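Enquirer: have a look at this prediction, sequence included:
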Amino acid sequence: MTDLYRLLPEEMEEMVIELGEPRFRADQILYSLYYKFPKNISEIKQLPKEFREKLLENGFNIGSTKEVHRVQSKDGDTTKLLLSLNDETPIESVLMQYKPKKFFGHPRSTICVSTQVGCAMGCVFCATGQMGFERNMKAEEILGQVIHFAKILSEKGQHVTNIVFMGMGEPLANYAETFRAIQLLTHPRGFGIGQRHITISTIGIVSAIEKLAEEKMQIGLAISLHAPNDKLRQMLVPTAGPDSVEALIASGKKYFLKTGRRVTFEYALIEGINDTPEIAEELAWLLKDNGSHINLIPLNPTAGEFTRPARKNVIEFERILYNGGINCTVRVEKGTEISAACGQLRTDILEKYNNTIS
Ligand code: SAH
Ligand code: SF4
């Protein structure tokens, strides 16, 4: 079976021609996929019935992701979807909405997508890392998460404005499928979102960052640093190499030089581990004159023994960076009461459902 959502517009054209149909059938399918969000091939009403049947006979389908459960935060700004993949694997995706600045404006609607089921990187503070690695997700499964939300938003006259690859898994450890998903999302005849509206967050696979820089796309890059020195970083990210801090700073610079996009360093602040004033100073020295931005993320406590620093410690950490001339923000929290924080997906809902979703 091949999901029609897997095919890039050029591949869709090749496919319809191979099936003996005129080229414009590809446009009809693409229009339906990206504006009508059909759940299955029989819902592509633009196509003649015979061609729909031919598609089915030739092993095409739609629907690599199915909605199983939906939760919304009390303020309505955060929606979490539990989706089931074709092999019944449950995954989660989140929509975070930010009020429009202008009275008649549209809200900013950011979707946080997963790229792997589980993750092999083993970060000690991350729920996904503690789950271990199950499998890579296919491009159509990554795209499917955005499509579900696009459909929900379109029913309210709204649309997806931003996509962040910050859900479960390490996107650059699943490079080919992540990249195909980005092509589908940014293709003008595909989902059609601007490259600058997509951000990939990575734990820092240097060779893959360099490869992404060579694609010369305008995708935003966030590198999860978490520590200013290798000793501390290796404790938090057990799979990190012995020179990972230096290598990541260098790869961020290269990415900036190739793409013109400034890199953000993400830093999960963990009480008593990487949140002291001394460490803030070390971090300020490390990033001095680097021109990058640092995003502090006060830890979302998961099952592990790690906790979030007190508010005053977060402010102090931020102040030291700021005084050191570092461009720094603290992540605005969204949806914590429904465990919708990025990097913390699936666990709670699975516990609630006793590890099954059927
Ligand atoms: N694997 C990628 C993307 C997914 S994680 C990466 O690590 O960057 C997305 C972000 O959520 C990362 O910056 C990660 O450090 C952060 N994160 C993971 N677990 C977290 C937690 N418990 N609290 C706060 N941030 C967390
Ligand atoms: Fe994987 Fe990112 Fe979690 Fe680390 S923080 S285990 S890389 S998902």
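Expert: The structure has been received and is ready for your questions. Ligands and ions are numbered 1, 2, ... in the order given.
Enquirer: doesn't residue 237 make contact with residue 123?
Expert: Yes: taking CB atoms under 8 Å as the definition, residue 123 is a contact partner of residue 237 at 5.2 Å. In short, each C-beta sits where N, CA and C put it, glycine included.
Enquirer: which residues does the residue lying closest to residue 169 once chain neighbours are set aside contact?
Expert: Leaving aside its chain neighbours, residue 169 sits nearest to residue 116 (2.6 Å; criterion: CB to CB, 6 or more residues apart in numbering). Each residue near residue 116 by CB atoms under 8 Å, 6 or more residues apart in numbering is listed here: 133, 134, 135, 136, 137, 168, 169, 170, 171, 173, 174.
Enquirer: who touches both of residue 123 and residue 237?
Expert: Shared contacts of residue 123 and residue 237, defined by CB under 8 Å, 6+ apart, are found at 203, 224, 226.
Enquirer: can I get these in CSV with secondary structure, neighbour count and distance to ligand 1?
Expert: Formatted as CSV, these follow (DSSP: H, G, I helix; E, B strand; the rest coil; neighbours: other CB atoms under 10 Å; distance: CB to the nearest ligand atom, whole Å):
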residue, secondary structure, neighbour count, distance to ligand 1
203, coil, 24, 4
224, strand, 25, 4
226, coil, 25, 6
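Enquirer: for ligand 2, tell me which of these show up nearby.
Expert: Among the shared contacts of residue 123 and residue 237, the residues that sit close to ligand 2 (CB under 6 Å from any ligand atom) are 203, 224.
Enquirer: how about the spatially most central residue of the chain, phi and psi?
Expert: Closest residue to the average C-alpha location of the chain: residue 165 at 1.5 Å, with CA atoms, centre = their mean. Here is the backbone geometry of residue 165 (degrees, to the nearest 10): phi -90, psi 80.
Enquirer: before we move on, what about the one 3 residues further on?
Expert: Geometry field for residue 168 lists phi and psi as phi -70, psi 140, criterion degrees, to the nearest 10.
Enquirer: leaving out chain neighbours, which residue sits closest to it?
Expert: Once flanking residues are discounted, residue 168 sits nearest to residue 114: 3.8 Å by CB to CB, 6+ apart.
Enquirer: repeat that for residue 93.
Expert: residue 145 (3.9 Å).
Enquirer: if I read this right, the one you found contacts residue 64, doesn't it?
Expert: No: when contacts are counted by CB under 8 Å, residue 145 is not listed as touching residue 64 (9.9 Å).
Enquirer: which of the two has more neighbours?
Expert: Shown here are residue 145 and residue 64; by other CB atoms under 10 Å, residue 145 has more neighbours (27 against 24).
Enquirer: what strand or helix carries the more buried one?
Expert: Secondary structure from DSSP states H and E places residue 145 in helix 139-154.
Enquirer: tell me what that helix is packed against?
Expert: Packing partners of helix 139-154 (3 or more CB pairs under 8 Å, 6 or more residues apart in numbering; DSSP states H and E): strand 65-72, strand 78-85, strand 90-98, strand 108-112, helix 175-186.
Enquirer: so which of the ones you listed is nearest ligand 2?
Expert: strand 108-112 (11.7 Å; CB to the nearest ligand atom).
Enquirer: quick one: that closest one near ligand 1?
Expert: No: shown here: strand 108-112 not in contact with ligand 1 (CB under 6 Å from any ligand atom), separated by at least 8.3 Å.
Enquirer: what strands line up against that strand, and which way round?
Expert: Paired strands of strand 108-112, with direction, are strand 90-98 (antiparallel), strand 162-165 (parallel) (DSSP bridges).
Enquirer: let's verify the closest residue in space to residue 274 that isn't next to it in sequence: helix, strand, or coil?
Expert: Leaving aside its chain neighbours, residue 274 sits nearest to residue 227 (5.4 Å; criterion: CB to CB, 6+ apart). Secondary structure, DSSP: H, G, I helix; E, B strand; the rest coil: residue 227 is coil.
Enquirer: thought residue 227 was touching residue 276?
Expert: No: Residue 227 is beyond contact range of residue 276, at 11.6 Å (criterion: CB under 8 Å).
Enquirer: among the two, which residue is more densely surrounded?
Expert: The neighbour comparison of residue 227 against residue 276 (other CB under 10 Å) goes to residue 227, with 24 against 16.
Enquirer: give me every residue that touches that one.
Expert: Neighbouring residues of residue 227 by CB under 8 Å, 6+ apart: 233, 235, 236, 245, 274, 279.
Enquirer: ranking the residues you listed by neighbours, who comes first?
Expert: Among the contacts of residue 227, residue 274 has the most neighbours (other CB under 10 Å), with 27 neighbours.
Enquirer: measure how buried residue 293 is and give me the count.
Expert: Using other CB under 10 Å, residue 293 has 16 other residues around it.
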